[in-house]
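Undergrad: build me a model from this:
(one chain, ligands or ions: 1)
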Amino acid sequence: MSPTATPTDPSIDPTTEIEILRARLAEAEAVLEAIRGGQIDALLVSDKRGEQVFTLKRAEHDYRLLVEEMGEGAMTLTANGRIYFANRRLAAMLGIARENLIGSALAEHIAAADRPRYQDWLHTRSPRPQQRLEMALIDARGTTLPCHLSFTELPVAEKQGAFCVVATDLSARKQAEEALRVSEQRLKTIVENLPIGVWFLDAAGKMTFRNARAQRIWSEAKFAGPEQFDDHKAYAPHPHKHHRALVAQERSAMRAITHGETQLNEELEIECLDGTRKIILNSAVPIHDGNGQIAGAVVLNQDITERKAFEDRIEQLAFYDALTGLPNRRLLLDRLGQVLATIKRNGSYGALLFIDLDHFKDLNDSLGHDVGDLLLIEVAQRLQTCMRASDTVARLGGDEFVIVLDDLSRESAQAVAQARQIGLKVWQTLSQPYQLGTHLHHSTPSIGATLIDAPQSSVEELLKRADLAMYQSKNAGRNQLRFFDPEMQTALELRTSLEGQLHEGLRHGQLLLYYQPQVDETGRVLGAEALLRWHHPQRGLLTPDVFIHLAETSGLILDLGAWVLETACAQLAHWPAHKQVPATSIAINISARQFLDPRFVERVQTALQRYAVDPHRLKLELTESLLLQDVEETITKMAALRALGLRFALDDFGTGYSSLAYLKRLPLDELKIDRSFVADVTTDVNDAAIVRAILALAPKLGLSVIAEGVETEAQHRFLIEHGCRAFQGYLFGKPAPATAAGKSWAGTGLP
Ligand SMILES: Nc1nc2c(ncn2[C@@H]2O[C@H](COP(=O)(O)O[C@H]3[C@@H](O)[C@H](n4cnc5c(=O)[nH]c(N)nc54)O[C@@H]3COP(=O)(O)O)[C@@H](O)[C@H]2O)c(=O)[nH]1
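TA: So this is what the prediction gives:
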């Protein structure tokens, strides 16, 4: 269908033009009528040049296709809500065939919970171009589909009140939102419960979130309670700029926000209201948005106060002496190494002072360890007052202290003078009386000093030199300051070489045991004490005084002691118990280091078994200082050995602490009166009184007594008169090799 003329043609007169328009209008009305009546299939509209621009039929087809293919459900409904058209997507969404949807009421497909709202809307709706409601539809399986329903009135006269609905399925979006919500919740729970304080800041530096831990960490800070801090929410306006930790935290956060810089584990110290300090590790990390722009920062605060305290404690235990708080040997060696390095660099001298308290053992033994401890603490404090800040005062153990002086003169003579001056000050300070509880105590120090002259010195050598100088000071009558000199160097070298020789001696069978008899009041041999000797290839026979201390300090005593034990057991096996003297035994001396060896009990047992020796025949002589090192440990070990059948004698009795309390607890068999008391027992009333007291006391404690160092008949008589029943000394026999001893004791108990 096409119009025959156009009304804009200038050649046509107006009357004709009106006619044309009227005809056109009639034509159009006829067309519309035909469209309404459904008699027309297609309407073609052409432009001036006759080109077809629109086909009604095609347009309808296109729209239908569009509606069918759209991603949302679409339907048209009658005024009372019945579906008369549904697109394919709606049918798919609901899982209901399209023919079954047509004619059904939309209300049937709306979830029960939303249905009243929909009915309400349906009945009260006023003609509005469009309205959107969020409602859930139900599919054929009864699953609810959250949807947006967009209602639009249809402007078709004969379908008065009809409307179309576009249903957008929100399931995927809802799921995504839910997933996001859950993930956010999870994250929030984690962040809230993290043992780390977490702050989120936006791009302007405003705090958008802070977890409970962050709140707690800062709530005790000196400047504010949590509420006050909350008010400020951001760093910028708050008035606590002077609080160093806060300023540092702000700086790191703002660097992250403005420069994208990451700050990790900066240690900050928060001063708290109660005067304590909190140590936190502060980190600030920028947060980027999807475009890579900085959107803010996260600040993390980890409270490491406890960890720090623990680390400090560990360090304290590892590097400091528990009693005095002074650096211990380990830290001293480290500092000494540093001083040596500095001295090597700048060419100056340093000095090492080795301090030992005179007669400290006596104080310990007479007034107990607690009082001894008080003296050590006081000495440590006094020493610190004598020192410059750069000097080191350390406690090596026992009553031994060391001072390291650095940065003395570059001239040796002047450096010696400086060290002497400080040494004398130390001597003077330590010689002042001490008030130890109720006890006024007088103590003096023996001080050994040596210069630290870098190129030649090693840490070990320096300590040896100062130690040697201190021994010289002791040997020269104590209570004085001695400098290390070349003679001492010779002695030191001798000691070092002797140590090596002793090693060799042990390996090459240069050590031997001498035996000294122990007799009863009738002179019958009860047993013998084994005494170590060293047959030195150049120096001849050496007594233990020359080398036993060296063996103890070098650790060689463990091998030496093991050798003595083996040899004594072998000797016992060789000297079978005499029929008339079944108690024939050997006493061996055990040094502290040997006794404290964790394998000591096992070693003794093995030696006894190897030589099939009755354990009753072996007596271990222990000293008091050994027993008191760790009383509980000692008792356990002694009990284990006693259970095997061994016996114990307390050597040098009377010279030490001699506490009855300890004596009662220790599983001892015998007290050995020290030979220093026996020597003067007939001439010195004090020694005589001590010996009498020991002899009276021992039976009450269930202990036997042996007196050592008996040289004269007078001593022997005195001892017998006061109840002593066992004796050892030159009067009955000097220490001698096993064969000689065996011969001279023939008929007295040993073969
Ligand atoms: N850890 C070990 N220590 C040991 C061992 N062997 C000995 N020692 C200890 O060495 C110290 C010195 O011993 P020594 O030079 O052998 O002196 C002993 C005797 O010879 C001496 N004595 C004995 N009778 C007399 C005497 O009448 N007069 C006198 N002037 N001296 C005498 O006494 C020493 C015995 O001492 P003691 O052990 O206290 O009974 C010495 O302290 C030994 O402990 C060893 O193998 N391991």
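Undergrad: now what about the strand or helix carrying E192, what contacts it?
TA: Assigned by DSSP states H and E, E192 belongs to helix 171-193. When contacts are defined by C-beta atoms under 8 Å, 6 or more residues apart in numbering, helix 171-193 is touched by residues 145-146, 198, 209, 211-212. Every residue, glycine included, has its C-beta placed from N, CA and C.
Undergrad: next: stretch 124-143.
TA: Stretch 124-143 has contacts (C-beta under 8 Å, 6+ apart) with 93-96, 109-111, 113-114, 117-118, 121, 144-153, 167, 170.
Undergrad: residue closest to the middle of this protein?
TA: The centre of the chain sits closest to E311, judged by C-alpha atoms, centre = their mean, with a distance of 5.6 Å.
Undergrad: work out for me the element that one sits within.
TA: Using DSSP H and E, the element containing E311 is helix 305-319.
Undergrad: give the buried residues for the following helix or strand past that helix.
TA: Per DSSP H and E, the first helix or strand lying C-terminal to helix 305-319 is helix 329-346. Going by neighbour count (16 or more other C-beta atoms under 10 Å), the buried part of helix 329-346 is 329, 331-333, 335-336, 339-340, 342-343.
Undergrad: tell me what angle helix 329-346 forms with helix 305-319.
TA: Taking axes from the mean of the first three to the mean of the last three C-alpha atoms, to 10 degrees, one finds helix 329-346 and helix 305-319 inclined to each other by 80 degrees.
Undergrad: could I get helix 329-346 in PDB with only the CA atoms?
TA: Only the C-alpha atoms of helix 329-346 are listed here, as PDB (Å, rounded to 0.1, in the frame of the first residue of the first chain):
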ATOM      1  CA  ARG A 329      82.000 -15.400  81.900                       C
ATOM      2  CA  ARG A 330      80.400 -15.800  78.400                       C
ATOM      3  CA  LEU A 331      79.600 -12.100  78.100                       C
ATOM      4  CA  LEU A 332      83.000 -11.200  79.600                       C
ATOM      5  CA  LEU A 333      84.800 -13.200  76.900                       C
ATOM      6  CA  ASP A 334      82.700 -11.500  74.200                       C
ATOM      7  CA  ARG A 335      83.400  -8.000  75.600                       C
ATOM      8  CA  LEU A 336      87.100  -8.800  76.000                       C
ATOM      9  CA  GLY A 337      87.100  -9.800  72.300                       C
ATOM     10  CA  GLN A 338      85.600  -6.500  71.400                       C
ATOM     11  CA  VAL A 339      88.000  -4.600  73.600                       C
ATOM     12  CA  LEU A 340      90.900  -6.400  71.900                       C
ATOM     13  CA  ALA A 341      89.500  -5.500  68.500                       C
ATOM     14  CA  THR A 342      89.200  -1.800  69.500                       C
ATOM     15  CA  ILE A 343      92.700  -1.700  71.000                       C
ATOM     16  CA  LYS A 344      94.100  -3.300  67.800                       C
ATOM     17  CA  ARG A 345      92.500  -0.500  65.800                       C
ATOM     18  CA  ASN A 346      93.500   2.500  67.900                       C
END
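Undergrad: what does stretch 478-496 rub up against?
TA: Contacts to stretch 478-496, defined as C-beta under 8 Å, 6+ apart, come from residues 358-359, 416, 419-420, 423-424, 427, 431, 444-451, 464-466, 468-470, 472-473, 476, 550.
Undergrad: coming back round to it: let me have the contacts of helix 171-193 in TSV, extended by secondary structure and neighbour count.
TA: Shown next, in TSV, are those (DSSP: H, G, I helix; E, B strand; the rest coil; neighbours: other C-beta atoms under 10 Å):
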residue	secondary structure	neighbour count
L145	strand	20
P146	strand	19
V198	strand	18
F209	strand	14
N211	coil	20
A212	helix	15
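Undergrad: nearest to E460, of the residues you listed?
TA: Among the contacts of helix 171-193, V198 lies closest to E460 (C-beta to C-beta), at 52.3 Å.
Undergrad: tell me the contacts of the residue lying closest to that closest one once chain neighbours are set aside?
TA: Spatially, and ignoring its direct neighbours in sequence, V198 is nearest to N211 (4.6 Å; C-beta to C-beta, 6 or more residues apart in numbering). N211 makes contact with 191-192, 194, 197-199, according to C-beta under 8 Å, 6+ apart.
Undergrad: what about the residue in the stretch 301-450 of the chain that the ligand sits nearest to, neighbour count?
TA: Nearest residue of the stretch 301-450 of the chain to the ligand, counting by C-beta to the nearest ligand atom: K361, 15.3 Å away. If you count neighbours by other C-beta atoms under 10 Å, K361 ends up with 17.
Undergrad: that one contacts E624, doesn't it?
TA: No - K361 is beyond contact range of E624, at 9.9 Å (criterion: C-beta atoms under 8 Å).
Undergrad: give the buried residues for stretch 665-683.
TA: Of all the residues in stretch 665-683, those buried under the rule 16+ other C-beta under 10 Å are 666, 668, 670-675, 677-679, 681.
Undergrad: chain center to that stretch, what's the gap?
TA: 50 Å (C-alpha atoms, centre = their mean, to the nearest Å).
Undergrad: repeat that for stretch 694-702.
TA: Relative to its chain's centre, stretch 694-702 lies at 52 Å (C-alpha atoms, centre = their mean).
Undergrad: nearest residue to L424 in space, please, no chain neighbours.
TA: With C-beta to C-beta, 6+ apart as the criterion, L424 has its nearest non-adjacent residue at 6.2 Å, and that residue is L481.
Undergrad: can you show me the strands along the stretch 401-550 of the chain?
TA: Ranges of strands in the stretch 401-550 of the chain, per DSSP state E, counting those that start in this stretch, are 434-436, 439-441, 445-452, 481-483, 511-520, 525-536, 540-542.
Undergrad: as a markdown table, the ones you listed with distance to I83 and mean neighbour count would be great.
TA: Listed next are these as a markdown table, based on distance: least, C-beta to C-beta, whole Å; neighbours: other C-beta atoms under 10 Å:
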| stretch | distance to I83 | mean neighbour count |
| --- | --- | --- |
| strand 434-436 | 106 | 16 |
| strand 439-441 | 109 | 13 |
| strand 445-452 | 104 | 26 |
| strand 481-483 | 115 | 21 |
| strand 511-520 | 116 | 21 |
| strand 525-536 | 116 | 22 |
| strand 540-542 | 121 | 12 |
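Undergrad: and the strands in the stretch 1-150 of the chain?
TA: Listed in chain order, the strands of the stretch 1-150 of the chain (DSSP E, counting those that start in this stretch) span 44-46, 52-55, 73-77, 83-86, 131-138, 144-153.
Undergrad: so for the ligand, which of these sits nearest?
TA: Ranking the strands of the stretch 1-150 of the chain by proximity to the ligand (C-beta to the nearest ligand atom) places strand 144-153 first, at 92.4 Å.
Undergrad: which one of the strands of the stretch 1-150 of the chain is the most hemmed in?
TA: Of all the strands of the stretch 1-150 of the chain, strand 73-77 carries the top mean neighbour count, a mean of 22, counting by mean count of other C-beta atoms under 10 Å.
Undergrad: how about the residues of the stretch 651-751 of the chain by the ligand?
TA: Counting by C-beta under 6 Å from any ligand atom, the positions of the stretch 651-751 of the chain adjacent to the ligand are 651-652, 675, 708-711, 728-730, 735.
Undergrad: redo that, cut-off 8 Å
TA: Contacts of the stretch 651-751 of the chain with the ligand, taken as C-beta under 8 Å from any ligand atom, map to 651-652, 672, 674-675, 678-679, 708-711, 728-731, 734-735.
Undergrad: the residue nearest to F360 when sequence neighbours are not counted - how many residues pack around it?
TA: Spatial nearest neighbour of F360, excluding adjacent residues (C-beta to C-beta, 6+ apart): D399 at 3.8 Å. A total of 21 residues lie near D399 under the criterion other C-beta under 10 Å.
Undergrad: thanks a lot, see you next time.
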